Structures are given as C-alpha cells and as structure tokens.
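Q: no sequence on hand, only this structure:
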C-alpha cells in the first residue's frame, strides 16, 4: 500500500507556545487512521496544516504526493473534511447547502444533482433534503456534514471529532457510515477523536500529547505494549491468603475484600490460581481496555517528564 | 458567484438581520412621521409645493441611509461566518480567497442596490398617491446611477470596518451606532444649515452626505422648479445650501461631478486600505 499522507518533522508555534513539536507519521492509502489525544494535544493544529488552513513553521507535509504550501488548491480537491462544529448554513435547506458547496468544486449544473443524489444515498439523508439544516438533530446534521465532505469524491475523508456530542445510537450510526465508506469505497479515512474505543476500529493509531507523538501502532499493538491484565480474587479467608501471598512474594493490592494481582501475561493467572486454589472463593481475569491503555500511555509519559525535571 | 448567491439568499432568509439592517430606515421614517417632518416644515416659510419638496428631500435622505445600512447588514454574513468558523469550509475548498471576499463584497452591493430600488419604488408610489408628479424615466435612471455609486462606496468603507469585528454581537452593536449616527453625519435628521460650523465641516467630509446631495438634486428637481418659479435666485441658493442639496467648500459650491468624483475616490481609497489590511492580517 502506498502512503497517501506523509508528515515529516512538523513544527508549529503560536508565540511562545509550541503547539506541534517534531511530529512525523504517515497514513496508508485506504486505511482508517485515528489521531488520538486529549483536547489541546495538537491534533487540530496538525490537521489544520494538512487542510492547508494553517502554515507550518517547519517540516514537510505531503497529501497524495502534493506538497502542502505549494499545491494547496490541488490538495483541497483530494480531501473531504467534516469539521468538529457544524459549519453549513442553518437557514438553508440541506439540498441548498449541498448545492452551494458543490459549486465550490466548479461542478456543472448537470453534475450537481447527480453528486447530491449520490452522497444523500450514501449517508441516508434523502428524506430530509428539503428541511432546513438549522432545524435538524445533531445526528442528522453530522450525516449532512459527511455528505458535504463527499460531494467532490475525495480520496481522503478527514473527520475532526465526528461523534463528539452525539448520543450512543447516533454515534454508532455515524461509525457504520464511516466504516462502510472506508471498506466499500476504499477511501482513506483520517479521524481525530478523544474516545479511545473509537480508535479500536482503526488500522493505525497515533497518540498525541502536548504537541508530541507519544505512541503509535495498531490498536492491538498498543494494547499489548501498554496494557497488562490483572487477576481479581475474592478470598475465602482473606487473612490467610494475605499471609500466603506475602511469603510467596507476590505483589498485590487490596481493594475492599478483593485482591488484585498484576499479570505480565494472561496465562500467569493459571499458576496463581492453582497455587491458592483452596483459599479462593471466586476470581476474574480482567483484560485491560483501550481506556486503560490510554491512561497508561499518558501516565508513563508524565513519569518520564517528571524524571526529566529531577535530573535538571 | 457561488458565494455571492449564497450570501444574498442568507440575507433575505434571515428575517431578523433583514429587519435590523432596515432599522435605521424605519426609525428615520418614524421620526419624520411623528415630529421631525413638522419641525423642519415649521422652520421654513411657506412656499409653493412645500410638502412635495420636503417629501422629496426626505426620500433622498432615506435612500442615502438605506444604501449604507443594508450594505452593512449584508456584511453581517462575513462576520458571522468568521465567528462560527463556517469560513473554514470555504478555506478548505478549492476557491481563491479573492473570490471568497469578492463574493461577500458583491453580495452586499447587490443587497444594498435591491433595497434602495425598493425604497425608490416606494417613493414613486407615494408621490403618485399624494397626487404629485412621479419621477421621470431619466431621473429614475440617474437615481439608479447614484444609488450604485453610493452602495459601492459604502461597501468599500464597510469592508475595512468589518475586518475589525470578531463577534456578531460587536458587529450588531456597531451597526446600530452607525445606523443612528449616519442620519446626523449626512445631514439627514437635521438639515445642515441648522447645525454649527464644525458639524457642517464633518458633514461635508462624510461620503454619504454626497450621495444624499446627489439624490436630493435628482429627486427635488421637479418640485424645486415649482417652488422657486417666482423666487429670487439668492433665496433659492440659500435654501439649497441650508438643505444640503449642494455644499459650500472654500467659497465654491460643489457640483454634481465633484460629489460623484468624491464617492469614486472614497470607493477606491477604502478598497485599497481594506485589501492592504486583510493581506497584512493573513501573513
């Protein structure tokens, strides 16, 4: 697969604030790529540069082989963007909105209705075409936003926190649409999110914090690298188990009457369970969620920073 | 063209913005209707065709105000797009920034022009129903020419002004203030002759005063012939100066050509300033 987006050593500062510091990554064509990070991590700045809305201070960004800053107008034809906030005109109908935006791509009178019909079918908004955009629900607006982004049949669909503020049902629906677009139309989907569970759907995840990339990999890779499972034991006799674990030098913590043991591998649980079988009332092996991974990555990075401070 | 059409549609769909851009005009009509009209009328001696002449004078003023406030109202779209970040969608689309800004300017010129035409139409209708002569075709054409010029020069001034406003609220507040001040600064609420010398100077410098003067010259042409048929030339001249039909600058009277050139000059100067300001802000 070829690289459709390439970012090399990107820097961007606003006054004294370094919003993006030496960021490099690439996106493979046809993949679903997630850009993860808390608010203010530098995600939005990075995508603004990708979208040719902001000029970088240093570094090179290429979109489908075109260089940002040199071939901006061509790049704008390659990317369809769904902004975080609703940006279409509330006083115009869905159809009018789509028609005016289609004109921005110099579509002819004959091309426009066909394009509008195509995108309306894709995101299933045919029934609300004559309603005013401002009167739509959050989920409906979002679908229209996606339709607008697809008008010019872009190679890349870029979504900035597409599901923020939506209810679970709408979120799921939007996700199905996104996944369908990626699979069936072989579209490259680049999205930013701060919901870790959404990133689990993607082929590749880049985690940003304070302007830097702090982790990257497939969701599976991140999980295995940063997470660990734990064994939860409810003891028959807490005092005896506590004594036994101490003598065996097993590291554990206690929460209420539950013993928690950190596992390097899930299978480590078998040995432990066999050893203390007669003391165990019930047990559970917990797989860590991506949420735990996210928190883990964040904390580790914080520890690193703290160490830096001590050294200095 | 795309942006132009979209903006025009938005202006006419947004009923409250439409109302507010006409607010200054509505206030003006109410003021004339309740007391300003009588006040001005009472301050003048009786003469033939007095009502017709004053009505024409008033309509010229209303037209001048309309040419500014409706243009200003249409520029609200630009401020709103900026504050809601709706403009990002245009920036991320393959259209040139110059085409985008051109779209905002063209739409406001169009809106101002259409609204002024409606006022002109209303004026003619009122002349018709009050039994006065309507404007001739030539006068209407001349008035349309002045309206175009006035709208274009207003739009260039407003373009510079809107670059300073970040929020819709600030812009709305400024619009109200401008709408109100406009009536004074162009000698429309109170005739220029009733004002102290320093204010007269301000009025003569203010571009909209020249739109108003040109429109007065056109709209008042017929009633003036009737009014001053038997009057001495000096009385006519004094009246015209007091009412701001033309102005006295350094002992000379302003000709229509001077006012036209003044408006053209303003349009060019402010367009350059606005373009320079926007370029500086972008880099």
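A: That came through fine. All values reported here derive from a predicted model rather than from experimental measurement.

Q: would you mind naming what in chain B lies close to chain A?
A: Chain B comes close to chain A at residues B:1-2, B:5-6, B:9-10, B:13-14, B:84-86, B:88-96, as judged by CB under 8 Å from any CB of the partner chain. Heads up, the C-betas are built off the backbone N, CA and C, glycines and all.

Q: what about the nearest residue to residue B:64 once chain neighbours are set aside, distance to residue B:245?
A: For residue B:64, ignoring the flanking residues on the chain, the nearest one in space by CB to CB, 6 or more residues apart in numbering or on different chains is residue B:212 at 3.8 Å. Counting by CB to CB, to the nearest Å, the separation of residue B:212 from residue B:245 is 9 Å.

Q: so the two - more neighbours on which side?
A: More crowded of residue B:212 and residue B:245, by other CB atoms under 10 Å in any protein chain shown: residue B:212, with 30 against 26.

Q: is it true that the more buried one lies in a helix?
A: Yes - counting by DSSP: H, G, I helix; E, B strand; the rest coil, residue B:212 is part of a helix.

Q: just list the residues touching it, thanks.
A: By CB atoms under 8 Å, 6 or more residues apart in numbering or on different chains, the residues touching residue B:212 are B:60, B:61, B:63, B:64, B:186, B:187, B:188, B:244.

Q: mind listing what the residue of chain A lying at maximal distance from its centre touches?
A: Seen from the C-alpha centroid of chain A, the residue lying at the greatest distance (CA atoms, centre = their mean) is residue A:240, 45.9 Å away. Neighbour list for residue A:240: residue A:279 [criterion: CB under 8 Å, 6+ apart].

Q: now it: how far from chain B?
A: Going from residue A:240 to chain B by CB to the nearest CB, to the nearest Å gives 63 Å.

Q: helix or strand next in line after the helix or strand that that residue is a member of, which one?
A: Element membership of residue A:240 [criterion: DSSP states H and E] is helix A:238-247. Sequence-wise, the next helix or strand downstream of helix A:238-247 (DSSP H and E) is strand A:253-255.

Q: pLDDT on that following strand, on average?
A: For strand A:253-255, the mean per-residue pLDDT is 85.

Q: again with stretch A:215-230
A: pLDDT averaged over stretch A:215-230 gives 80.

Q: now the helix or strand where residue B:263 lies: buried residues?
A: Using DSSP H and E, residue B:263 maps to helix B:256-282. Buried positions in helix B:256-282, judged by neighbour count with 16 or more other CB atoms under 10 Å in any protein chain shown: B:258, B:259, B:260, B:262, B:263, B:266, B:267, B:270, B:271, B:274.

Q: now these as JSON lines including pLDDT?
A: Formatted as JSON lines, these follow (pLDDT from 0 to 100):
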{"residue": "B:258", "pLDDT": "93"}
{"residue": "B:259", "pLDDT": "93"}
{"residue": "B:260", "pLDDT": "95"}
{"residue": "B:262", "pLDDT": "95"}
{"residue": "B:263", "pLDDT": "95"}
{"residue": "B:266", "pLDDT": "95"}
{"residue": "B:267", "pLDDT": "94"}
{"residue": "B:270", "pLDDT": "93"}
{"residue": "B:271", "pLDDT": "91"}
{"residue": "B:274", "pLDDT": "88"}
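
Q: nearest to residue B:167, of those?
A: residue B:274 (19.4 Å; CB to CB).

Q: do a quick rundown of the helices in the chain.
A: Picking chain A for this. In chain A, the helices defined using DSSP state H lie at A:43-50, A:72-78, A:94-103, A:111-123, A:138-150, A:168-184, A:196-199, A:219-226, A:238-247, A:268-275, A:290-311.

Q: you looked at the wrong chain, it should be chain B
A: Listed in chain order, the helices of chain B (DSSP H) span B:2-13, B:15-31, B:37-43, B:50-83, B:87-91, B:97-129, B:137-162, B:168-185, B:197-205, B:207-219, B:221-227, B:233-242, B:256-282.

Q: what's the most buried one of these?
A: helix B:207-219 (a mean of 27; mean count of other CB atoms under 10 Å in any protein chain shown).

Q: ok and that helix relative to helix B:197-205, angle-wise?
A: Here the directions of helix B:207-219 and helix B:197-205 differ by 70 degrees (axes from the mean of the first three to the mean of the last three CA atoms, to 10 degrees).

Q: low-confidence ranges in chain A?
A: The model of chain A has pLDDT under 70 over residues A:1, A:227, A:288-290, A:300-312.

Q: next one: stretch A:223-233 to chain centre, how far?
A: 22 Å (CA atoms, centre = their mean, to the nearest Å).

Q: give the buried residues for stretch A:230-246.
A: So, applying 16+ other CB under 10 Å, buried residues of stretch A:230-246: A:230, A:231, A:233, A:235, A:238, A:241, A:245.

Q: closest one of those residues to chain B?
A: For the buried residues of stretch A:230-246, the residue nearest chain B by CB to the nearest CB is residue A:230; the value is 44.0 Å.

Q: the closest one and residue A:263 touch, don't they?
A: Yes - the criterion here is CB atoms under 8 Å, and residue A:230 meets it with residue A:263 at 5.8 Å.

Q: sorry, back to before: now the helices of chain B in a markdown table, with distance to residue A:59?
A: Below are the helices of chain B laid out as a markdown table (distance: least, CB to CB, whole Å):
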| stretch | distance to residue A:59 |
| --- | --- |
| helix B:2-13 | 32 |
| helix B:15-31 | 42 |
| helix B:37-43 | 68 |
| helix B:50-83 | 28 |
| helix B:87-91 | 21 |
| helix B:97-129 | 24 |
| helix B:137-162 | 34 |
| helix B:168-185 | 36 |
| helix B:197-205 | 51 |
| helix B:207-219 | 48 |
| helix B:221-227 | 67 |
| helix B:233-242 | 67 |
| helix B:256-282 | 21 |
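
Q: center of chain B - which residue?
A: Short answer for chain B (CA atoms, centre = their mean): residue B:64, at 2.8 Å.

Q: chain B contacts on chain A?
A: A:51-53, A:73-74, A:76-77, A:79, A:81, A:83, A:85, A:87-89, A:91-92, A:96, A:100-101, A:103-106, A:148.

Q: show me how to select, in PyMOL, the buried members of the residues you listed.
A: Buried residues within the residues of chain A next to chain B, by 16+ other CB under 10 Å, are selected in PyMOL with:
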select buried, chain A and resi 51+52+53+76+77+79+81+83+87+88+89+91+92+96+100+101+103+104+105+148
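
Q: number of nearby residues for the residue in the stretch 151-300 of chain A positioned nearest to chain B?
A: Nearest residue of the stretch 151-300 of chain A to chain B (CB to the nearest CB) works out as residue A:152 at 8.4 Å. Neighbour count for residue A:152, taken as other CB under 10 Å: 21.

Q: residues contacting it?
A: Residues in contact with residue A:152, defined by CB under 8 Å, 6+ apart, are A:77, A:80, A:102, A:105, A:107, A:115.

Q: how near is the last one to residue A:157?
A: By that I understand residue A:115. From residue A:115 over to residue A:157 the distance is 15 Å, taken as CB to CB.

Q: which of those two has more neighbours?
A: More neighbours surround residue A:157 than the other of residue A:115 and residue A:157, with 23 against 20 (other CB under 10 Å).

Q: run through the bridge partners of the more buried one.
A: Beta bridges link residue A:157 to residue A:80, residue A:189 when assigned by DSSP bridges.

Q: I'd assumed residue A:189 was in contact with it.
A: Yes - with contact defined as CB under 8 Å, residue A:157 reaches residue A:189; the gap is 5.1 Å.

Q: now for the two: what residues contact both?
A: Joint contacts of residue A:157 and residue A:189 (CB under 8 Å, 6+ apart) are A:178, A:181.
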